[in-house]
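**Q** Structural data only, the sequence is not supplied:
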């Protein structure tokens, strides 16, 4: 079989090089991915296809392989014909002549972009959920969420908006790298489905994709497209943040300078982190309600204690099975007991006048059905 035809049919980017490490063959899949032939690769240099941040590591690994005649196994980002980069796992094995001398290397580059992205998303999600569990302030969590998304989708700008309970206006939740004047317009903006995609996403509870704001017929009567142009924003993808009860809590949006729509991976990113935003928002709301109820309870207890001091009355609760009692401060003062000592039935009975002790104890037994 013709080895070239075999290499062209393999599910990966296949290449070979001589003993000096210079590439002498790339298969059809490699050429289609990189958009260049092996001759063009030689002319430009093999580092022209590698992400600049990865070149030092790759150079070091390859020099070691060539210098020792050993295999190479590493990960790096390769530039695609459209200028974007994807992660690849690179494995190279030396082949030898009859005398055992290295004649060159066979290499296979396997696309692991989806795997790397999934791992990065899981790590970001774990970090954010830890912040939620720790009770970190919601603005900090939402700001970190935006930064994570911008790292996962290079070139993107992330925004999170709250919708007021009455859903009349937006409030800024986070937008760390959007232009400050643009954020200022969004904060307090009336929710109007004819103004822009964020409002429309609220009303329809669906993701709204806008890739060409000035020419989109949905916004011809709106000032929003001019705002986008003014601040150099080319596209906006707005997703509703929906709570567990079906209520819309706000908007998760991704902007780009280019007029493009989301890839399948970016659409998944939007859905995933819109849900995570909802988790953070609902947790913060729950914590606020608990804090408010705790504050009300403390206030009620303070009022009760004050009323008891004024009226010279006390209160207590009793678990007859465990013989455990909880007394108010005024009750301790009335009985002249030490508040640091847990009260018991024996202490109470001993404090009652001997003539009244048996009658009081019998009445108490009947009241609590004490056996």
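**A** Good, I have the coordinates. Quantities reported herein were computed from a predicted structural model and do not represent experimental measurements.
**Q** Now do the helices in the stretch 151-300 of the chain.
**A** Chain-ordered helices for the stretch 151-300 of the chain, with DSSP state H, counting those that start in this stretch as the definition, fall at 180-186, 197-204, 224-230, 264-311.
**Q** deepest of those, which one?
**A** For the helices of the stretch 151-300 of the chain, the stretch with the most neighbours on average is helix 197-204, a mean of 22; neighbours defined as mean count of other C-beta atoms under 10 Å. Where C-beta positions appear, they are placed from N, C-alpha and C, glycine not excepted.
**Q** Which residues does it contact?
**A** Helix 197-204 is contacted from outside by 161, 163, 167, 170, 186, 189, 191-193, 207-210, 218, 236-240, 248, 251, 253, using C-beta atoms under 8 Å, 6 or more residues apart in numbering.
**Q** same thing but 7 Å
**A** Here helix 197-204 makes contact (C-beta atoms under 7 Å, 6 or more residues apart in numbering) with 161, 163, 167, 170, 191-193, 207-208, 210, 236, 238-240, 248, 251, 253.
**Q** chain center to that helix: distance?
**A** For helix 197-204, the distance from its own C-alpha centre to the chain's C-alpha centre is 22 Å (C-alpha atoms, centre = their mean, to the nearest Å).
**Q** Narrow the contacts of helix 197-204 to those that are buried.
**A** Buried residues within these, defined by neighbour count using 16 or more other C-beta atoms under 10 Å: 161, 163, 170, 191-192, 207-208, 210, 236, 238-240, 248, 251, 253.
**Q** Among these, which are located in strands?
**A** By the criterion of DSSP state E, membership of these in strands covers 161, 163, 170, 208, 210, 236, 238, 239, 240, 248, 251, 253.
**Q** between those residues, which is closest to residue 94?
**A** Using C-beta to C-beta, residue 239 is the member of those that sits closest to residue 94, with 49.9 Å.
**Q** Can you say which of the helices of the stretch 151-300 of the chain is nearest to residue 65?
**A** helix 264-311 (32.0 Å).
**Q** quick check: mean pLDDT across that closest one?
**A** Averaged over helix 264-311, pLDDT sits at 72.
**Q** for stretch 214-228, same thing?
**A** Averaging pLDDT along stretch 214-228 yields 94.
**Q** With stretch 248-260 instead?
**A** 95.
**Q** What residues of that stretch count as buried?
**A** Neighbour-count burial for stretch 248-260 flags 248, 249, 250, 251, 252, 253, 254, 255, 256 (criterion: 16+ other C-beta under 10 Å).
**Q** tell me which of the residues you listed is nearest to residue 269?
**A** Distances from residue 269 to these, taken as C-beta to C-beta, are shortest for residue 254 (7.9 Å).
**Q** what about the closest one, distance to residue 65?
**A** Taking C-beta to C-beta, to the nearest Å as the measure, residue 254 and residue 65 are separated by 40 Å.
**Q** Distance to residue 49 added to the ones in strands among the buried ones among the contacts of helix 197-204, as TSV?
**A** Shown next, in TSV, are those (distance: C-beta to C-beta, whole Å):
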residue	distance to residue 49
161	40
163	46
170	44
208	37
210	34
236	32
238	36
239	35
240	40
248	45
251	39
253	34
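**Q** nearest to residue 338, of those?
**A** The nearest member of these to residue 338, counting by C-beta to C-beta, is residue 163 at 55.4 Å.
**Q** So that closest one sits against residue 189, correct?
**A** No - applying C-beta atoms under 7 Å as the test, residue 163 and residue 189 come out as separate, 10.5 Å apart.
**Q** low-confidence ranges in this structure?
**A** Along the chain, the model assigns pLDDT under 70 to residues 1-3, 165, 167, 291-323, 367-371.
**Q** Name the SS class of residue 83, please.
**A** coil (DSSP: H, G, I helix; E, B strand; the rest coil).
**Q** Near it, how many other residues are there?
**A** A count of neighbours around residue 83, defined by other C-beta atoms under 10 Å, yields 7.
**Q** cool, and residue 206?
**A** For residue 206, the tally of surrounding residues (other C-beta under 10 Å) stands at 12.
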